[in-house]
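*Asks:* Have a look at this fold, sequence not included:
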């Protein structure tokens, strides 16, 4: 069972960059009503670059760990770069195999962040 | 038939020897008898029904119609023409909503459902009519029936309710509820969603006093893609067909068509012949074991599972948690229709299904860790989002049992939950 590898559990129990930023450039929340996961993201930009991300997340280990890792991965990246990411990047980042049913959980963070950056 | 013998008749457990299958409310496993019957039909007897004037087709028709008779006997229908084959419970309910509802439910009329309905017995009515009223569910997972008199009016055309909740396992006192409904408004029809009941306890439509009963073959050892709608003959006769084409007409002219009589009127197109024949084999299997025996064994296993789960630290169980002792005159024996003749510990008003959450751990994570340990349970809202809103959680973990499950399965589940807590609890 590699879905709950140590690094995933570590991010789940100690999510990095959790919280809410003030005076942000964009802010949005997205949920996955099928499982009740909810992520609210705030982002600060500097020009075209992501300067800071904070989020509040309720959900399963996969969705929270993915959001936590994503918040580290996306920092200092360009908006265009983050907008180009998809399933491949998230699965590489997680380093685990995710079944089709859990992929929605893994992707919620990225979908929320991308929607936030679209605004 | 002994439990051990029953399990050996399900090939899946030979191929998946470690499988602890506790997702029976979603679909049941299939015994060799059903699988072989379907294979035999395709290999030796395959032909279209109701058309061919050659022995193979005549035999297929006879076999197909014999299942209709078998289903009628199985649920105590007066005549087999009241049995309509559909693709499943969802299609059965949709058939009533479209064929009866569109004609009989006006914009001012009202429909009453319960808060514990599966989406299949909720969304079709929501689509039909916006005046939906809900029988509420209390904290103990029981319908608040004292509200019934207030909810039912002269405008109520239909009450649609489930016999057994697919989330809480609550056995609703359907017969008493229908009695009460008919006393208040004799013209109001009642549809019973029997998807979780017909596979697990003896159901007799005459005794229940309902007007429609819907259920699925695949939850009762039969194949997927087959379901049944039973309706009172006079109601079915007045109902409009919803699928138009071959097989459902008696005569077609250029400008008009005349419908066939029931049940053919509702069975347009070539039916799922092999599936229906598989359902016949499933009913034979269930009759061989005996529904009352299945019910009693499952009731005892439900009580065992409830006790076992209640002992787990940090578990939240939804619905009735009361254990009661059955004397021989108890309500449970009424349901099983079996004189047990001994004191059994049983779960009050609950059969076969227990939904729960583990504090601090998402239902999906619980189900995933259990799944990796070979234990199949369901996590999510189980197609009952309004009920989960009422429970105040987005998702729950559901274990659901059937005749091949044993105490050992329940023990493995409890052990597995221990493993879940070890993996996911934050000890750092």
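*Replies:* All right, it came through fine. The structure displayed is predicted, hence computed values, not measured ones. Numbering: from 1, shown residues only, chains lettered A, B, ... in the order given.
*Asks:* Domain map for chain B?
*Replies:* B:3-22+B:290-421, B:33-286 (automatic domain parsing).
*Asks:* phi, psi of the closest residue to residue B:188 other than its chain neighbours?
*Replies:* Distances taken as CB to CB, 6 or more residues apart in numbering or on different chains place residue B:156 nearest to residue B:188, at 5.0 Å, with adjacent residues excluded. Using the backbone N, CA and C atoms, a C-beta is placed for each residue, glycine as well. Backbone torsions of residue B:156, given as degrees, to the nearest 10, read phi -70, psi 120.
*Asks:* before we move on, what about residue A:49?
*Replies:* The phi/psi pair for residue A:49 (degrees, to the nearest 10) is phi -110, psi 140.
*Asks:* next one: residue B:345
*Replies:* Main-chain torsions, residue B:345, degrees, to the nearest 10: phi -90, psi 120.
*Asks:* what sits against the closest residue to it other than its chain neighbours?
*Replies:* Once flanking residues are discounted, residue B:345 sits nearest to residue B:303: 5.0 Å by CB to CB, 6+ apart. For residue B:303, the contact set (CB atoms under 8 Å, 6 or more residues apart in numbering or on different chains) comprises B:323, B:344, B:345, B:346, B:347.
*Asks:* On the three-state scheme, residue B:303 is what?
*Replies:* helix (DSSP: H, G, I helix; E, B strand; the rest coil).
*Asks:* any idea how far the closest residue to residue B:162 other than its chain neighbours lies from chain A?
*Replies:* Leaving aside its sequence neighbours, residue B:162 sits nearest to residue B:193 (CB to CB, 6+ apart; 4.2 Å). Counting by CB to the nearest CB, to the nearest Å, the separation of residue B:193 from chain A is 22 Å.
*Asks:* So what sits opposite residue B:193 in the bridge?
*Replies:* The partner list for residue B:193 in beta bridges (DSSP bridges) reads residue B:162, residue B:214.
*Asks:* about what we covered before: what about the residue nearest to residue B:188, distance to residue B:148?
*Replies:* Per CB to CB, to the nearest Å, residue B:156 is found 10 Å from residue B:148.
*Asks:* now residue B:391
*Replies:* Distance from residue B:391 to residue B:148, by CB to CB: 22 Å.
*Asks:* now swap in residue B:22 and tell me
*Replies:* 34 Å.
*Asks:* Neighbour count for those two, which is higher?
*Replies:* Using other CB atoms under 10 Å in any protein chain shown as the criterion, residue B:22 and residue B:148 rank with residue B:22 on top: 27 against 16.
*Asks:* so that one sits right up against residue B:376, yeah?
*Replies:* Yes: contact criterion CB atoms under 8 Å: residue B:22 and residue B:376 qualify, at 5.9 Å.
*Asks:* The residue in the stretch 301-428 of chain B that chain A sits nearest to: what secondary structure?
*Replies:* Relative to chain A, the nearest point of the stretch 301-428 of chain B is residue B:394 (2.0 Å; CB to the nearest CB). The local conformation at residue B:394, judged by three-state DSSP, is coil.
*Asks:* I figured residue A:30 hits residue A:115, correct?
*Replies:* Yes: between residue A:30 and residue A:115 there is a contact at 6.1 Å, judged by CB under 8 Å.
*Asks:* neighbour count winner among these two?
*Replies:* Taking other CB under 10 Å, residue A:30 and residue A:115 do not tie; residue A:30 has more neighbours (17 against 14).
*Asks:* secondary structure class for the more buried one?
*Replies:* Following three-state DSSP, the label given to residue A:30 is strand.
*Asks:* Check what pLDDT it gets.
*Replies:* Looking at residue A:30, its pLDDT stands at 92.
*Asks:* Please apply the same query to the one 4 residues further on.
*Replies:* Confidence at residue A:34, expressed as pLDDT, is 74.
*Asks:* pretty sure it contacts residue B:379?
*Replies:* No: proximity of residue A:34 to residue B:379 does not meet the contact threshold set by CB under 8 Å, at 10.4 Å.
*Asks:* Chain A: helices as residue ranges?
*Replies:* A:6-13, A:61-74, A:79-84, A:87-94, A:100-118 (DSSP state H).
*Asks:* per-residue confidence averaged over the fourth one?
*Replies:* Helix A:87-94 shows a mean pLDDT of 95.
*Asks:* How about stretch A:60-75?
*Replies:* Stretch A:60-75 comes out at a mean pLDDT of 95.
*Asks:* so does it get close to chain B?
*Replies:* Yes: legend: contact between stretch A:60-75 and chain B by CB under 8 Å from any CB of the partner chain is shown at A:60, A:61, A:62.
*Asks:* I'd like the distance between the closest residue in space to the first one that isn't next to it in sequence and residue A:58.
*Replies:* On the basis of CB to CB, 6+ apart, the spatially nearest residue to residue A:60 that is not a chain neighbour turns out to be residue B:362, at 3.6 Å. Relative to residue A:58, residue B:362 is positioned 9 Å away (criterion: CB to CB).
*Asks:* Give me the common contacts of the two.
*Replies:* Contacts common to residue B:362 and residue A:58, judged by CB under 8 Å, 6+ apart, are residue A:37.
*Asks:* ok, back up a step: wait, which of the contacts of residue B:303 is closest to residue B:84?
*Replies:* Among the contacts of residue B:303, residue B:347 lies closest to residue B:84 (CB to CB), at 33.9 Å.
*Asks:* how far does the host helix or strand of residue B:157 sit from the chain's center?
*Replies:* Per DSSP states H and E, residue B:157 falls inside strand B:156-162. Distance of strand B:156-162 from the chain centroid (CA atoms, centre = their mean, to the nearest Å) equals 17 Å.
*Asks:* could you point out which element follows it?
*Replies:* helix B:174-184.
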